[in-house]
Every structure is written in C-alpha cells, then in structure tokens.
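Engineer: kindly return the folded structure for what I paste below:
(chains A and B, ligands or ions: 3)
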Amino acid sequence: MRLTINGRQVEADVDVRTSLLDLLRDHLGLPGTKKGCNQGACGACTVLADGERINSCLALAVQYDGREVTTIEGVGAPGALHPLQRAFVEHDGFQCGYCTPGQICSAIGMAAELERGLPSYVTGDLDAETIELTHDELRERMSGNLCRCGAYNGIVDAIRETFGQIAEDAGKREAA
Amino acid sequence: MTPFLYERAADRQGALALGARAGASYLGGGTNLVDLMRETIAHPELLVDVTGLSREIEDTPEGGLRIGAGVKNTAVAGDRRVRQRYPLLAQAILAGASAQIRNMATTGGNILQRTRCAYFYDDAARCNKRAPGAGCDAVEGFNRIHAILGASPACVATHPSDMCVALAALEATVTLEGQDGGREIAFADLHRLPGETPEVETQLRPGELITAVTLPPNGLAARSTYRKVRDRASYAFALVSVAAGLELEGGVIGDVRLALGGVAHKPWRAHAAEAALKGRPATESVFREAAEAELAPARPLRDNGFKIELARRVIVDTLVKLARTEETV
Ligand SMILES: Cc1cc2nc3c(=O)[nH]c(=O)nc-3n(C[C@H](O)[C@H](O)[C@H](O)COP(=O)(O)OP(=O)(O)OC[C@H]3O[C@@H](n4cnc5c(N)ncnc54)[C@H](O)[C@@H]3O)c2cc1C
Ligand code: FES
Ligand code: FES
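Structural biologist: Residues are numbered from 1 along each chain as shown, chains lettered A, B, ... in the order given. Ligands and ions are numbered 1, 2, ... in the order given. Below is the predicted model of the structure:
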C-alpha cells in the first residue's frame, strides 16, 4: 500500500484490518492525530484526504491506498505555524489540547467546503452562490468535532478570525 | 475484527463476480460497516470496495436526476441541481451525521446503513436481527429511540437514515444489478418492515449491488423541506423527522408528499396523512387531522411514547411553515 502523507511518499505493509488512524499513529510515527471514540462520534481523528476532512478512525487504511493525506503534522510546525494554529493559541482555543489537531484539520476542510459554496443544514438559501460564515453556520459545520474541555468559545473565535473572510472574498471573485 | 480480504472492484462486472463469493460484502465509505466489524457485529470475509463505481449524477431524459451509488453524500447535497430541484434531499443529507462522515459516506451505503439500536450493537444482548430467534431485548428494555409504527414483537428497531426519508417522499427508484441482470424497484419497496424476520432488512438478493437512485421530475419538490428533531442541535440521529412537499392551488392542497424518519424499521411514507390532505384547505386543523390519521396506528413502548406527540407536532408545524412559503412563491 502506497500513500502520500504530508507530501511524503510512504509505503506500508500492514494488516488489512488497520485503520487509517492506527496506520498514522502506530506505524508511521505520526501521533498528532488523536483517537477519542474510535467510532466516528468525536472528530479527534480528523485528517484531510485529498483536501477533504474525514474521520480516520472509520477508515481502513487500504481504502486510502494511492491517496494524499494531510495530518496536523503537515499543517504547520513549531516556528512555522499555520495561521489557524496561531489563532488557536491567541484565542485560547484549547485546554487539554486533545481535540485540537482534529479541530484544526476539520476547520481547514470546512474552509475549503465554504469556498466551494457547499451549504449546511442551517443555510437559509440553499441555492446561494456564497455563504457567510455566521456563528450558526460555523457551529453547525464544526459540529463533528467535540471538545470535552468545552473550549468552544475560543475555537469559534480562532476559526472565525482565520476563515471569516473566505465567504466574502469568494463573493467578490464571483462579482468580478 | 475478524480477518478478511479486501478487493477494489475495477468495474461493475468485477464487483458482481466478487460480490457473489461466500462471505462477501460490498464496501462504500465504510463509516457503518467498518464500525460494525470492529464491534464484531458484522463478519464479512471479503470486502469488495465499490466506491470507484457509479460516481456520476446525471440528468434523465424525463427531467429527473440519476445519482450513482458511489456518489458521496456531500457531493449529492452540494449538487446545484439537487439544491434547486430537490431541496428536501439536500437538507436531509446535510442533517445527517457530520461533515467528515458525509465526505466519506456513499449513496449506496447510506441507504443500506444498519439500525443504531443499542441491543443490536451489543453482542451480549438478545437481538433477532443478529441472531434470528434469540428474542429482542429492546421490547422490554431502554427503547426511547425505537419504533412507534410498523414494529413487531420480534423487532422494534428504527432505520436511522435521514437521506432515505427524503427519497421516500420523492418516490425515487433504485437500480440494482445482479449476476442475472439488472432491475429497477420503487424506493418504497426496498426496505422491509420487521415482521417475523427482522434479519431480512431489504429486498436485495444475495450479491446484488445498488448502482443508482433515480429521482423522478417533481414540481412539488421545489416547495419542500426536511425537518429533524434530535437530542442536540446537530450531529445526532433523528428522534423524529419529516420530509414534506406541498402544492397549493388557491389555498387548496393539490399534490402533497410526507414521509417520517426515526419512527419505523423503514423510511415511513405517510400515505394516510397524504390522503387526508389532498383536495382539502391548507389549514392547521386539516394538518392536525392528517397527522392524527397517520399516527392512529402508532403504538408506544415503555420509553418512546413521546414520539407520537412529537411526530404530530412536527408534521403540523412543518406543513404550516410550508403552506406559508408557498403563498409567497
Ligand atoms: C457518529 C455517526 C453519526 C451518524 N449520524 C447520522 C445521522 O444523523 N443521520 C444519518 O442518516 N446517518 C448518520 N450516520 C450514518 C451514516 O450516514 C452512514 O454510516 C453512512 O451513510 C454509510 O455510508 P457508507 O458509504 O460509509 O456505507 P458502508 O459502511 O460502506 O456500507 C453500509 C452498508 O451498505 C452496503 N453497501 C454499500 N454500498 C453498497 C452498494 N453500492 N450496493 C450494495 N450494498 C452496498 C455495505 O455492504 C454495508 O452493509 C452516522 C454515522 C456515525 C458514525
Ligand atoms: S476517534 Fe474518530 S471520531 Fe472519535
Ligand atoms: S481542549 Fe480538551 S478536549 Fe478540547
């Protein structure tokens, strides 16, 4: 099985039962992605597969053979943080930090969905070209990521500061 | 998890040949099946990954849409044609699970997802779905999320899908392919009520593959909605949900579609309510009568009696709101 993980070609020969999450953590030395529930209910294991956010605990690694996966280790590094990582620090977007890698990968995936104009369950006009990242939109779109410490206020502030502009910019491009 | 083999189907013929082998299961996104395998509830010996097949959404000559079984839930909800012509379907999908899961889940897998009954998931409990004839611990157990309509003494589980409730309201059809050729069946006929054999959940024959779901053209779909009531605001299965479409002619109800989720072993098309609505004035009292008609046969278990009143209120409120939108269209 051959995957591209954080831009690096990786070859892995693991038991077919291995989840993508366990492949990352136990076989590839990438423990940044966390295991919370191991059943799709918490979002701690969120990674990006070809830019789309998924729960790596519900995926068998073999299903992602040939795909490109980005984990928190590929988002930023000490000294070279992603703007969203910096915003999490500034806004106290975490306490214990266990949900944080998942929150950050999820928010990056969410920003891409918003840029494509994907609606959510709370979007009033389903046919709208651009959707503003309101408080309600953000909370609905991020509802797949739970935080047991309840750091939601900081999480929401950090994401809004980093990605709040996307919808607006997309609107301007559309108009231009 | 019991060991298994994994094969990626290159094409439909390949998938069917692999799917015909003993112990084979088709694999979509895996968000349900992988979980059931990990919980040792499902034990396939061969997983046939069909996510590479049937990945298109196409216009039909009749003016409807044909959604391939491999299309991801997110892609269906994001499709402009779905958003414009079948908003209740986009809403129903977006009401389900989380963005991460919708990015993984396929149309075929969503349709065939299994119940979330806790006794089905607990292999120390009795469950007629898992072990036919063993009995059902939900009937006398914690059954707050269980069925109020169409249940049997053998099984009171519900079908958990949101998307399927919209497909039931839309009178979709499902395309199946087997070793002996293809067939088209009404979506309403795909899932079964439990009766004496709750382990037989659908009309699918062994090895049969879902390849597509077809939505017929439908004027009333444009004035339609999906409303879901659950224990928290998002990322929770439905206690009760309603997919509804309404057509008014001068205050009188023309065509109407109503289906309920969270109440039965299958997505529940509300035929009795529809009959009580057609040709009548669009007033709250008529909506209430229709809801009563549908829920008259409802039978509560120990913990889920609240669902009957909840369903009544959600039906009435959803129709009241739709009737109001209709006036301004
Ligand atoms: C935490 C959590 C919350 C959820 N909340 C909701 C919710 O609120 N609402 C909701 O509707 N759903 C919810 N879901 C369920 C989710 O929608 C399903 O797991 C998903 O739709 C299944 O799709 P899949 O492609 O991953 O299916 P898989 O897990 O791959 O397959 C499911 C079944 O379908 C069969 N199958 C797949 N494709 C085909 C095919 N083409 N032909 C024949 N058989 C096939 C498989 O053999 C298997 O039996 C939730 C799931 C989780 C984990
Ligand atoms: S660990 Fe994957 S969703 Fe909780
Ligand atoms: S910071 Fe502790 S779980 Fe979110």
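
Engineer: please enumerate the helices of the chain.
Structural biologist: Picking chain A for this. With DSSP state H, the ranges of helices along chain A come out as A:20-22, A:72-75, A:83-90, A:100-115, A:135-141, A:152-175.

Engineer: chain B, not that one
Structural biologist: B:12-19, B:33-38, B:73-78, B:80-85, B:87-94, B:99-104, B:107-111, B:118-121, B:163-169, B:187-190, B:271-277, B:284-295, B:306-328.

Engineer: helices or strands up against the fifth one?
Structural biologist: Looking back up the chat, that one is helix B:87-94. Helix B:87-94 makes packing contacts with helix B:73-78, helix B:80-85, helix B:163-169, strand B:224-229, strand B:240-249 when contacts are defined by 3 or more Cβ pairs under 8 Å, 6 or more residues apart in numbering or on different chains; DSSP states H and E. Every residue, glycine included, has its C-beta placed from N, CA and C.

Engineer: now render these as JSON lines, adding mean neighbour count, distance to ligand 1 and mean pLDDT.
Structural biologist: Compiled in JSON lines, the helices and strands packed on helix B:87-94 are given as follows (neighbours: other Cβ atoms under 10 Å in any protein chain shown; distance: least, Cβ to the nearest ligand atom, whole Å; pLDDT from 0 to 100):
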{"stretch": "helix B:73-78", "mean neighbour count": "23", "distance to ligand 1": "6", "mean pLDDT": "98"}
{"stretch": "helix B:80-85", "mean neighbour count": "17", "distance to ligand 1": "16", "mean pLDDT": "96"}
{"stretch": "helix B:163-169", "mean neighbour count": "29", "distance to ligand 1": "6", "mean pLDDT": "98"}
{"stretch": "strand B:224-229", "mean neighbour count": "22", "distance to ligand 1": "8", "mean pLDDT": "97"}
{"stretch": "strand B:240-249", "mean neighbour count": "24", "distance to ligand 1": "9", "mean pLDDT": "96"}
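
Engineer: how close does B:E184 sit to ligand 2?
Structural biologist: 37 Å (Cβ to the nearest ligand atom, to the nearest Å).

Engineer: doesn't B:T175 make contact with that residue?
Structural biologist: Yes - B:E184 lies in contact with B:T175 (Cβ atoms under 8 Å); the separation is 5.5 Å.

Engineer: quick one on the thing from earlier: in JSON lines, list the helices of chain A along with mean neighbour count and mean pLDDT.
Structural biologist: Formatted as JSON lines, the helices of chain A follow (neighbours: other Cβ atoms under 10 Å in any protein chain shown; pLDDT from 0 to 100):
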{"stretch": "helix A:20-22", "mean neighbour count": "24", "mean pLDDT": "98"}
{"stretch": "helix A:72-75", "mean neighbour count": "20", "mean pLDDT": "98"}
{"stretch": "helix A:83-90", "mean neighbour count": "18", "mean pLDDT": "98"}
{"stretch": "helix A:100-115", "mean neighbour count": "24", "mean pLDDT": "98"}
{"stretch": "helix A:135-141", "mean neighbour count": "19", "mean pLDDT": "97"}
{"stretch": "helix A:152-175", "mean neighbour count": "16", "mean pLDDT": "80"}
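
Engineer: and the residue of the stretch 151-300 of chain B closest to chain A?
Structural biologist: Using Cβ to the nearest Cβ, the closest approach of the stretch 151-300 of chain B to chain A is made by B:S234 at 3.6 Å.

Engineer: if I look at that residue, how far off is ligand 3?
Structural biologist: For B:S234, the distance to ligand 3 equals 17 Å [Cβ to the nearest ligand atom].

Engineer: check contacts around the residue in chain A positioned nearest to ligand 1.
Structural biologist: Going by Cβ to the nearest ligand atom, ligand 1 is nearest to A:G40 of chain A, at 3.1 Å. A:G40 is in contact with A:55, A:57-58, B:31, B:35, B:97-98, B:100-101, counting by Cβ atoms under 8 Å, 6 or more residues apart in numbering or on different chains.

Engineer: state the distance from it to ligand 2.
Structural biologist: For A:G40, the distance to ligand 2 - Cβ to the nearest ligand atom - is 5 Å.

Engineer: confidence score at the residue lying closest to B:N218 once chain neighbours are set aside?
Structural biologist: Leaving aside its sequence neighbours, B:N218 sits nearest to B:L170 (Cβ to Cβ, 6 or more residues apart in numbering or on different chains; 6.3 Å). Looking at B:L170, its pLDDT is 96.

Engineer: hmm, B:L170 is touching B:P87, no?
Structural biologist: No - when contacts are counted by Cβ under 8 Å, B:L170 is not listed as touching B:P87 (11.0 Å).

Engineer: list the contacts for B:L36?
Structural biologist: B:42, B:114, B:121.

Engineer: ok, B:A291 touching B:A272?
Structural biologist: No - checked against Cβ under 8 Å, the pair B:A291 and B:A272 is beyond contact range at 9.6 Å.

Engineer: more crowded one of these two?
Structural biologist: Remark: of B:A291 and B:A272, B:A291 carries more neighbours, 27 against 17, as counted by other Cβ atoms under 10 Å in any protein chain shown.

Engineer: what about the nearest residue to the more buried one once chain neighbours are set aside, neighbour count?
Structural biologist: Nearest non-adjacent residue to B:A291, counting by Cβ to Cβ, 6+ apart: B:I315, 4.1 Å away. Neighbour count for B:I315, taken as other Cβ under 10 Å: 25.

Engineer: OK, contacts around B:I315?
Structural biologist: Taking Cβ under 8 Å, 6+ apart, we find B:I315 in contact with B:242, B:244, B:258, B:260, B:270, B:273, B:287, B:290-291, B:294.

Engineer: nothing else from me, thank you.
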